[in-house]
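[1] Just a sequence and a predicted model for now, questions to come.
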Amino acid sequence: MFRFNDSPVPVPNDLPGLMSSVWDDISTPGSGWTGSEKLALANASRMARSGNSSGQTSLPHGAIRAVEVITTEPSAASKQWVDRVTKDIGEPRYIELVGVVAAVTGVDAITQYLGSQLEPLPVAKPGRLVPDVNPGARAGKAWVSMEGPPLPRNALSAVPRSPGNSKPPTRSTLYDQGGAPGSRSRARTFPCPSRTGGHRGVPSQPMLLLHSWPPDRAPSPSRRPGN
């Protein structure tokens, strides 16, 4: 799983394990979606990126439409749109849905960047839902409830079991050929959760934070290589 033998750039040693842990997250029952449902959301996101319909599914229509918008036209989302979606499927389920879409989109984009075929989605793990809503999350300036200021690292904080919340916010750095690990002068960093521009054939899309730098040691945008 997640072998990048044909990568045109050196791959951090911990990247395959981190991506495998994301696959583990999206196949495990969460707070509002079962493992099978989370994988159906992930598949719907992949289908939307390819321009195809997700086909027959037991997921609510509102959830499928939300996946399509977040995946292919996130700039079309608005506070009013989010309010309609959360009224339809519930705010915790919407937040967890966003986590799933961000997870599979980020992993797929990095996989393609490294010259590999998309990894098959994992097999769903059995189990019941584990309702888990953060009592410290509050409605504020953000479009959904969250704990702390409305910053990307807190975007999924209202639902601790959302993909990406099982580990600290992280960032993965890939190095161009010729750039030795530890040499930031040749590094290219995948940002999140804002929309990123196309990069070496990878289309503009939301990305997932994966990690080589601890968040408190990551270089500031003004110092980040390539800017």
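    Perfect, I can see it now.

[2] Go ahead and confirm residue 114 touches residue 7.
    Yes: using CB atoms under 8 Å, residue 114 makes contact with residue 7 at a distance of 4.2 Å. C-beta: built from backbone N, CA, C; applies to glycine.

[3] For these two, indicate the residue with more neighbours.
    Neighbours were counted for residue 114 and for residue 7 using other CB atoms under 10 Å; residue 114 has more, 19 against 16.

[4] what about the strands in the chain?
    173-175, 187-189, 195-196, 205-206 (DSSP state E).

[5] how about the helices of the chain, start to end?
    Here the chain has its helices, by DSSP state H, at 15-27, 35-49, 61-72, 79-89, 91-113.

[6] Give me the angle between the second one and helix 15-27.
    It stands for helix 35-49. Relative orientation of helix 35-49 and helix 15-27, computed by axes from the mean of the first three to the mean of the last three CA atoms, to 10 degrees: 110 degrees.

[7] show me where pLDDT drops low in this protein?
    For the chain, applying pLDDT under 70 flags the ranges 54, 164-227.

[8] quick one: contacts for residue 27?
    With contacts defined as CB atoms under 8 Å, 6 or more residues apart in numbering, residue 27 is in contact with 35, 38, 39, 121, 122, 123, 124, 125.

[9] what about it, distance to residue 159?
    Distance from residue 27 to residue 159, counting by CB to CB, to the nearest Å: 17 Å.

[10] can you check residue 35 too?
    16 Å.

[11] Likewise for residue 14?
    Residue 14 is 26 Å from residue 159, by CB to CB.

[12] which of those two has more neighbours?
    residue 159 (28 against 13).

[13] dump the residue contacts of that one.
    Neighbours of residue 159 in contact, by CB under 8 Å, 6+ apart: 30, 31, 32, 92, 95, 96, 99, 132, 133, 134, 165.
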